[in-house]
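Colleague: okay, here's the prediction I keep looking at, along with the sequence it came from:
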Amino acid sequence: MKSSQFSPLGRRHFLRGLGALISVPTFESLGGMKLLAQAEATRLAVTRTGAPLRSAFFFFPNGSIPSYWWPEKPGSDYVASPTLKPLEELRSHVQIMGGMENLNGEGGPDGAGDHARGVGTFLTGVRVKKSATDIQAGVSIDQVMARQVGHLTRHSSLEMSCDAVRKAGACDSGYACAYQFNLSWNSPTTPMTPEVNPRLLFERLFGTGPAELRAQNLKRRQAEQHSVLDFVLEDARAMQRRLDPHDNAKLDQYLTGVREIELRIEKAEKFGPATSPRQDVPAGVPDNYGDHIQLMGDLMIAAFQTDSTRVASFMLAHDGSNRSFADIGVSEGHHDISHHQNKADLMEKVAQIDLWYAKQFTQILQKMDAIKDSDGNSLLYNSMLVYGGGNADPNRHNHNDLPFVLAGHGGGTLTPGRYTKHSPTPTCNMFLSMADRMGVTGLERFGDSTGRLADI
């Protein structure tokens, strides 16, 4: 397929094809009722009706202008703020979460580096180690969920971004780039690298080639992977006898990774071919940033519709991003003008960018609200979607009263349609409450949590 076939106009055809998935009951993509029944029996990531329950975490960069973000008074009759005005038509589906804080993002003795800390602590709630080489973060809440519910779907979780991925070196004031460019962490030292290219994400979800050949191509690729892994394991066993203990330890670590690949292949074979949109694979990354965000959002929605995953994270851009927004009349870099020094003209420009990001999130919610789930409710109703940033006021780089929105009804367990001004509360308290709804057990504390967030 030529890249010109996936221009902004071509994107509409892609979205139209995704619409074909709407009528497919979620459990059919699993090849039967077995896994759904298992989920219902254990109450893992299911709603009260037995439909799948999904969680997603969206990150936007560089904080927001507080006076434009927050409504004047809490309650269900709040007046929409300028930045959150796009969400007004979805008012009954969202709650604005005031008072959320992540104090491990503060500088303290570590000094500068709020952008790296803002991202690195966003879903982990732990203080990341200030080093370019000795990476120490924490397991993120999405991966805590994925470890307990991921076996129910083809993909335990999805990690997405519309930003370049940097894995090595120092980025923000001596912090490793890994902190600033990854939301999701599988372990304190292992980030889950997000996918940036829609084509690669599509192929991971639905396979390669024309729609009618994707199942066949997937089966062939799995057979090839098995052959390669068999060869690697045979070679490794022969080598093992000749290595000293130190090198054998290295080999064991490598083989652990190989075994994880084997398990993923076996899991894919168990679920069979994925329900797939009947049209061409995306050509790659769209030139237009807004189209890129929406396309990645569409793929996340398709993954939820087909029950390919129930957990996702989406970094719209890394904190410290200096992207300009000429389309809305802001030619300066986002990060540059976020240090606004209370200058009205700069604050207005930053607020325009904040509004643009809120519109992107709103569009994704609107699509989810228009899709019926397997129980007749909307996909949005049966989801919990966090939208927030790692810094509050971009000029101050503070990490209290962070900008957060929680969208969806959690299958009827959340109370949207209001602005709630909580007393200062760790964001991890909210994450714990979400994990409870996902059926996660054995999680008494998470990050810097002090308890569950009851009013949610």
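Modeller: Sure thing, it's come through.
Colleague: chain center to stretch 362-375: distance?
Modeller: Centroid displacement of stretch 362-375 relative to its chain, using Cα atoms, centre = their mean, to the nearest Å, is 17 Å.
Colleague: check stretch 299-318 too.
Modeller: Centre to centre, stretch against its chain (Cα atoms, centre = their mean), the figure for stretch 299-318 is 7 Å.
Colleague: any idea how many residues pack against residue 285?
Modeller: Around residue 285 there are 19 other residues, counting by other Cβ atoms under 10 Å. To be clear about C-beta, it is placed using only N, CA and C from the backbone, and glycine gets the same treatment.
Colleague: make sure it is indeed in a helix.
Modeller: No - the assignment for residue 285 is coil, going by DSSP: H, G, I helix; E, B strand; the rest coil, so no helix is present there.
Colleague: does it really touch residue 196, like I thought?
Modeller: Yes - counting by Cβ atoms under 8 Å, residue 285 sits close enough to residue 196 to count as a contact (6.7 Å).
Colleague: for residue 453, what are its contacts?
Modeller: Residues near residue 453 by Cβ atoms under 8 Å, 6 or more residues apart in numbering: 422, 425, 429-430, 432-433.
Colleague: measure it to residue 46 for me?
Modeller: Taking Cβ to Cβ, to the nearest Å as the measure, residue 453 falls 21 Å from residue 46.
Colleague: now residue 326
Modeller: Using Cβ to Cβ, we find residue 326 at a distance of 45 Å from residue 46.
Colleague: which one of the two has more residues nearby?
Modeller: The neighbour count for residue 326 versus residue 46, taken as other Cβ under 10 Å, is higher for residue 46 (24 against 8).
Colleague: strands of this structure, residue ranges please.
Modeller: Listed from the start of the chain, the chain has strands (DSSP state E) covering 54-59, 94-101, 158-161, 185-187, 190-191, 311-315, 383-388, 404-407, 418-426.
Colleague: can you redo those as a markdown table with mean pLDDT?
Modeller: Written out in a markdown table, the entries for the strands of the chain read as follows (pLDDT from 0 to 100):
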| stretch | mean pLDDT |
| --- | --- |
| strand 54-59 | 98 |
| strand 94-101 | 98 |
| strand 158-161 | 97 |
| strand 185-187 | 96 |
| strand 190-191 | 94 |
| strand 311-315 | 98 |
| strand 383-388 | 98 |
| strand 404-407 | 98 |
| strand 418-426 | 97 |
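Colleague: would you format those strands as JSON lines with distance to residue 376 and mean neighbour count included?
Modeller: As requested, the strands of the chain are arranged in JSON lines below (distance: least, Cβ to Cβ, whole Å; neighbours: other Cβ atoms under 10 Å):
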{"stretch": "strand 54-59", "distance to residue 376": "16", "mean neighbour count": "26"}
{"stretch": "strand 94-101", "distance to residue 376": "21", "mean neighbour count": "22"}
{"stretch": "strand 158-161", "distance to residue 376": "25", "mean neighbour count": "25"}
{"stretch": "strand 185-187", "distance to residue 376": "35", "mean neighbour count": "18"}
{"stretch": "strand 190-191", "distance to residue 376": "38", "mean neighbour count": "19"}
{"stretch": "strand 311-315", "distance to residue 376": "23", "mean neighbour count": "27"}
{"stretch": "strand 383-388", "distance to residue 376": "15", "mean neighbour count": "25"}
{"stretch": "strand 404-407", "distance to residue 376": "20", "mean neighbour count": "23"}
{"stretch": "strand 418-426", "distance to residue 376": "25", "mean neighbour count": "17"}
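Colleague: residue 150: which of those is closest?
Modeller: Distances from residue 150 to each of these were compared using Cβ to Cβ; the shortest belongs to strand 311-315, at 7.0 Å.
Colleague: ok, and what's touching the closest one?
Modeller: With Cβ under 8 Å, 6+ apart as the criterion, strand 311-315 contacts 54-59, 119, 123, 140, 142, 145-146, 149-150, 156-163, 181-184, 192, 194, 296-297, 300, 303-304.
Colleague: centroid-nearest residue for the protein?
Modeller: Closest to where the C-alpha atoms of the chain average out (Cα atoms, centre = their mean) is residue 313, at 0.8 Å.
Colleague: quick one, helices of this structure?
Modeller: 8-18, 34-42, 66-69, 114-120, 141-149, 177-180, 198-206, 214-240, 245-271, 289-305, 334-338, 344-369, 427-437 (DSSP state H).
Colleague: ranking those by mean pLDDT, which is last?
Modeller: If you rank those by mean pLDDT, helix 8-18 sits at the bottom with a mean of 44.
Colleague: now for residue 81: which residues touch it?
Modeller: Taking Cβ under 8 Å, 6+ apart as the criterion, residue 81 is in contact with 68-72.
Colleague: unless I'm mixing things up, residue 407 is touching residue 93, no?
Modeller: Yes - with contacts defined as Cβ under 8 Å, residue 407 counts as touching residue 93 at a distance of 5.9 Å.
Colleague: shared neighbours, the two?
Modeller: The contact sets of residue 407 and residue 93 overlap at 365, 380, 416 (Cβ under 8 Å, 6+ apart).
Colleague: got the contact list for the first one?
Modeller: When you say that, I think you mean residue 365. With Cβ under 8 Å, 6+ apart as the criterion, the residues that contact residue 365 are 87, 90, 93-94, 380, 385, 407.
Colleague: distance to residue 352 added to these, as TSV?
Modeller: As requested, the contacts of residue 365 are arranged in TSV below (distance: Cβ to Cβ, whole Å):
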residue	distance to residue 352
87	16
90	21
93	25
94	21
380	26
385	23
407	22
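Colleague: and the closest residue to residue 153 other than its chain neighbours, how many neighbours?
Modeller: Spatial nearest neighbour of residue 153, chain neighbours left out: residue 309 (4.9 Å); criterion: Cβ to Cβ, 6 or more residues apart in numbering. By the measure other Cβ under 10 Å, the count of residues near residue 309 is 24.
Colleague: quick one: residue 309 and residue 302 touch, right?
Modeller: No - contact criterion Cβ under 8 Å: residue 309 and residue 302 do not qualify, at 10.4 Å.
Colleague: for residue 200, give its distance to residue 445.
Modeller: Between residue 200 and residue 445 the distance, using Cβ to Cβ, works out to 36 Å.
Colleague: kindly report the same for residue 356.
Modeller: Taking Cβ to Cβ as the measure, residue 356 falls 37 Å from residue 445.
Colleague: settle it for me: which of these two has more neighbours?
Modeller: Per other Cβ under 10 Å, whichever of residue 356 and residue 445 has more neighbours is residue 356, with 19 against 12.
Colleague: now do the same contact list for the more buried one.
Modeller: Residue 356 touches 290, 325, 328, counting by Cβ under 8 Å, 6+ apart.
Colleague: what's the answer for residue 316, then?
Modeller: Taking Cβ under 8 Å, 6+ apart as the definition, contacts of residue 316 comprise 58-61, 161-163, 293, 357, 360.
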